[in-house]
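> Dropping the sequence and predicted coords here.
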Amino acid sequence: MAARGTITVKYGAIYRSTMPDNAPPREAAAVEITALLDGYPEPAIALSLDYRILAANRAYREVYGDGKNFAGRHCYEISHGYRVPCHEAGESCPLQGSLTSGYPQRALHVHHTPRGDEHVDVETRPIRDQAGEIRYVVEVLRQSRIASTQPVEDRLVGRCDVFNHMIELVHRVAPSDASVVLLGESGTGKELVAQAIHTASPRAKHRFVPVECTGLTESLFESELFGHEKGAFTGAHARKAGLVTAARGGTLFLDEIGDIPLSLQVKLLRLLETGTYRRVGSADPERADFRLICATHQPLKTMMEEGAFRKDLYYRVNTFPIRVPALRERKEDLPLLVEALLQRLRLRSKLSLSKDALECLRSYDYPGNIRELRNILERASLMADGSTILGSHLPEECRCGGQEVPESDTRTDDVIPLDEVERRYLRQVIARFAGDKRQLANKLGVSDRTLYRKIRALSKRP
């Protein structure tokens, strides 16, 4: 009987052997999985149903290699440092989702690597035998190119739950041409999120063209968006290409779309529905080719119900809504954001925050969100004489919110509830602790799962 070379997988060890043509399904599945892993340029592993690594491709070994053998180790041990699966530690687990549903699953995680923590888009795909039973799961890990847990300049910065959920949605929609609407308060960084979607899209090699919709008159709207011919109106001394032309092949970003008057909304709708436009003063239609991303701080659905926003336009732009969280929902990310913003301010010397300054910033609600935080830090950097920003260098509204009652002034009627004391203490510990969450849980004397549950509850409270 003819035999062929194959690879048998057994808890991470790879054995070469010969396999007859009528090999059992389990060995054939092992060959198929090995071939699949070798075909992925990204890190990829084959997992048993109890979360153990059966085999890993070269990219996985290079990214997650820690000098130890992968044989029989759990995926969550290597990626997170957990002792239990992700879903038992308070995170979504795509492997568990695939085993439950029988279908591929995706989730965005923060993984430990020798280079530090990284945002990773994790995809799991169940592999079945001839009887239809799931025997293995292939897990593919794609590092995010748009988000970072480090204070870098060219990516969105953060790691809290609400931030990670937003990044997961960005990764899902970016490869498509679907229209996106970014919803969030002023100053949350919606344009940066729009740029991240563009960067992660197939249109990234072409231009990202922002349009500020607030205050545009009808004539200015058409001229700016569609362009005009020479002599089309007084002052049109030359032919001008519009922003729709500039965005050809790329992304058109309409900032504050809720501010577009009703009379102009119909013109925008026609552009989106027909994919054509005319320069002002021209009778010749031109084809548009752009991906649309919109942003607004206004409640578009309420505006639609009240007649202030066209219903047909609402459903045209609202294909994939993404909520951009306010800064008060991201207090866990505050130290990271402060460090990133101080770097982006291009200061003459490197500055850091004192303990009391950070506590003051933590206690403030930021009605202006990240834009306001940047202004606060820029002002404080000008007030600081040395290399440290003190609480006294912050604006009055921040200092007042950050002051704590001195111990000598505490009265019996000022007793703080225990859960509030724990909440304040946990915020302080997270801000100061340099290790990972597993080490922090050990120092606090709680399980990993308990700590993650408390952190999730913390991120939901102002």
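Perfect, thanks for sending it.
> Count the neighbours of G189 for me.
21 (other Cβ atoms under 10 Å). All C-beta atoms are positioned from the backbone trio N, CA, C, and that covers glycine.
> Next up, the contacts around it.
L156, V324, N369, I370, R371 (Cβ atoms under 8 Å, 6 or more residues apart in numbering).
> Assumed A204 was part of a strand.
No: going by DSSP: H, G, I helix; E, B strand; the rest coil, the assignment for A204 is coil, not a strand.
> From what I see, it and I197 are in contact.
No: using Cβ atoms under 8 Å as the test, A204 is too far from I197 to be in contact (9.7 Å).
> Among the two, which residue is more densely surrounded?
For A204 versus I197, neighbours defined as other Cβ under 10 Å are more numerous around I197 (27 against 15).
> Give me the three-state assignment for the residue nearest to E273 when sequence neighbours are not counted.
Nearest residue to E273, sequence neighbours excluded (Cβ to Cβ, 6 or more residues apart in numbering): R316, at 7.1 Å. Classification of R316 by three-state DSSP places it in helix.
> hmm, back to that, list only those of the contacts of G189 flagged as buried.
Buried residues within the contacts of G189, defined by neighbour count using 16 or more other Cβ atoms under 10 Å: L156, V324, N369, I370.
> residues of the helix or strand where L358 lies that come out buried?
Using DSSP states H and E, L358 sits in helix 355-362. Neighbour-count burial for helix 355-362 flags D356, A357, L358, E359, C360, L361, R362 (criterion: 16+ other Cβ under 10 Å).
> What of stretch 233-241?
Across stretch 233-241, burial judged by 16+ other Cβ under 10 Å covers K240.
> Over to stretch 108-128?
Buried, per 16+ other Cβ under 10 Å, within stretch 108-128: 108-113, 117-127.
> Where strands are concerned, which of the residues you listed count?
Judged by DSSP state E, strands contain the following of these: 108-113, 117-127.
> residues in contact with the residue positioned nearest the centre of the chain?
In the chain, the centroid-proximal residue (Cα atoms, centre = their mean) is I167; its distance is 1.8 Å. I167 is in contact with L108, H119, S144, I146, A147, L156, G158, counting by Cβ under 8 Å, 6+ apart.
> Swap in 10 Å and give it another go.
Taking Cβ atoms under 10 Å, 6 or more residues apart in numbering, we find I167 in contact with 108, 110, 119, 121, 144, 146-147, 155-156, 158-159, 193, 196, 200, 322.
> farthest-separated two in those residues?
Spanning the widest gap among the contacts of I167 are V110 and I322, at 19.1 Å by Cβ to Cβ.
> F208 and A308, how far apart?
28 Å (Cβ to Cβ, to the nearest Å).
> Between these two, which has more neighbouring residues?
Per other Cβ under 10 Å, whichever of F208 and A308 has more neighbours is F208, with 20 against 14.
> Next, the angle from the helix or strand in which L341 is found to helix 355-362.
Assessed by DSSP H and E, L341 sits inside helix 334-344. Our comparison of helix 334-344 with helix 355-362, counting by axes from the mean of the first three to the mean of the last three Cα atoms, to 10 degrees, yields an angle of 100 degrees.
> what comes up buried for stretch 72-85?
For stretch 72-85, by 16+ other Cβ under 10 Å, it's R73, H74, C75, Y76, E77, I78, S79, H80, Y82, V84, P85.
> Spatially, what comes nearest to the second one if we skip its sequence neighbours?
Spatial nearest neighbour of H74, chain neighbours left out: Y51 (4.8 Å); criterion: Cβ to Cβ, 6+ apart.
> contact partners of stretch 308-319?
Under Cβ under 10 Å, 6+ apart, the answer for stretch 308-319 is 173, 176-181, 183, 254, 257-258, 260-262, 265-266, 268-269, 272-273, 292-294, 296, 298-305.
> Let's see that with 7 Å instead.
Stretch 308-319 is contacted from outside by 178-179, 181, 257-258, 262, 265-266, 268-269, 272, 292, 294, 300, 303-304, using Cβ atoms under 7 Å, 6 or more residues apart in numbering.
> Tell me the backbone dihedrals of the nearest residue to L252 once chain neighbours are set aside, please.
What sits nearest to L252 in space, not counting adjacent residues and going by Cβ to Cβ, 6+ apart, is F290, at 4.3 Å. F290 adopts backbone torsions of phi -150, psi 160, taken as degrees, to the nearest 10.
> Look up how far I260 lies from F290.
For F290, the distance to I260 equals 17 Å [Cβ to Cβ].
> what does C398 give?
Separation of C398 from I260 (Cβ to Cβ): 35 Å.
> H171 too?
Distance from H171 to I260, by Cβ to Cβ: 29 Å.
> L292: helix or strand, and which one exactly?
strand 291-296.
> Run the chain-centre distance for the helix or strand following that strand.
Per DSSP H and E, strand 291-296 leads on to helix 300-305 as the next helix or strand towards the C-terminus. Helix 300-305 sits 27 Å away from the centroid of its parent chain (Cα atoms, centre = their mean, to the nearest Å).
> ditto for stretch 170-180
That offset, for stretch 170-180, works out to 13 Å (Cα atoms, centre = their mean).
> who touches H171 in this structure?
Contacts of H171 (Cβ under 7 Å, 6+ apart): L108, D121, S144, A200.
> ok, those residues vs Q439, which is closest?
Proximity of the contacts of H171 to Q439 (Cβ to Cβ) peaks at L108, which lies at 22.7 Å.
> May I have the beta-bridge partners of that closest one?
Counting by DSSP bridges, L108 forms beta bridges with D121.
> returning to that earlier point: reformat the contacts of G189 as TSV; add distance to Q343 and pLDDT.
Output for the contacts of G189, formatted as TSV (distance: Cβ to Cβ, whole Å; pLDDT from 0 to 100):
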residue	distance to Q343	pLDDT
L156	14	96
V324	22	97
N369	19	95
I370	14	95
R371	17	94
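> Just the ones of these in strands?
L156.
> which SS class is P321?
strand.
> Run a quick neighbour tally on it.
Neighbourhood size, P321 [other Cβ under 10 Å]: 16.
> Helix, strand or coil: sort out the residue nearest to it when sequence neighbours are not counted for me.
Take P321 and drop its neighbours on the chain: the residue closest to it by Cβ to Cβ, 6+ apart is V181, 5.0 Å away. Look at V181: counting by three-state DSSP, its state is strand.
> Run through the bridge partners of V181.
In this structure, V181 bridges to C294, P321 when assessed by DSSP bridges.
> And for T276?
Beta-bridge partners, per DSSP bridges, of T276: R287.
> My read is that it contacts P285, right?
Yes: applying Cβ atoms under 7 Å as the test, T276 and P285 come out as touching, 4.4 Å apart.
> hang on, the earlier thing: the residue nearest to H74 touches I78, doesn't it?
No: with contact defined as Cβ under 7 Å, Y51 does not reach I78; the gap is 10.6 Å.
> which stretches of the stretch 301-450 of the chain form helices?
311-317, 334-344, 355-362, 369-383, 396-402, 418-432, 437-444, 448-459 (DSSP state H, counting those that start in this stretch).
> again, but for the stretch 101-250 of the chain
Counting by DSSP H, counting those that start in this stretch, the stretch 101-250 of the chain has helices at residues 161-173, 190-199, 218-226, 243-246.
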